[in-house]
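# I would like the atomic coordinates for the input below:
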Amino acid sequence: MQLIGPDGNNRGSVPIAEALAIAQEADLDLVEVSPNANPPVCRVLDYGKFLYERSKKEKEARKSQKQVEIKEIRLRPKTTVHHRSFKVRDARRWLGSGMKVRVRIRFRGREITLPDVAREDMDEIYQELSDVAHIESPPSMEGRTMLMVLAPGADKNS
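Sure, this is the predicted structure:
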């Protein structure tokens, strides 16, 4: 196996027994850092410190990731155009600030027989927002609701 010493220098190919002796002599641990390499690579280091630094790097990486928030507008098949315009205005504001918008049309009672009306509403909402959004997931039925997800950015097809 390849051995990287406690000082960070490559010691070359070393038998396992000798590597363990070097690690004990330095009062450190022998850690296999690349098991798939040919030959495998081991390193003499303080394992506790190694784990601590790795967790610190992972935490820093998570902190720098951008969290995408999903807002939702809820409608019914019989929602009036006037009320829908308020919801679409909110959706436009959210898309402008980089959030995704889930459009949910909920069916109650016998409204479930009107999926074509809901799909027309979804199409109209998308047409109103097509300059600031594109469809991430097209309208689909899930139980008694129809869902569509819009993401910021103009439609690539237009």
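
# Give me the average confidence score over stretch 127-142.
For stretch 127-142, mean pLDDT is 90.

# Next, the buried residues of it.
Neighbour-count burial for stretch 127-142 flags 128-129, 132-135, 139 (criterion: 16 or more other Cβ atoms under 10 Å). (Glycine included, C-beta is placed from N, CA and C.)

# taking the residues you listed one by one, which sit in helices?
128-129 (DSSP state H).

# ok, of the buried residues of stretch 127-142, which one's closest to Ile16?
Minimum distance to Ile16 across these is 56.3 Å, recorded for His134 (Cβ to Cβ).

# What is the longest helix seen in the chain packed up against?
For the chain, the helix that runs over the most residues, judged by DSSP H, is helix 47-64. Contact analysis of helix 47-64 by 3 or more Cβ pairs under 8 Å, 6 or more residues apart in numbering; DSSP states H and E lists strand 29-34 as its packing neighbours.

# can you list contacts of the next helix or strand after the strand it packs on?
In the C-terminal direction, the helix or strand that comes right after strand 29-34 (DSSP states H and E) is strand 41-45. Applying Cβ atoms under 8 Å, 6 or more residues apart in numbering, the contact partners of strand 41-45 are 1-6, 19, 22-23, 26, 28-34.
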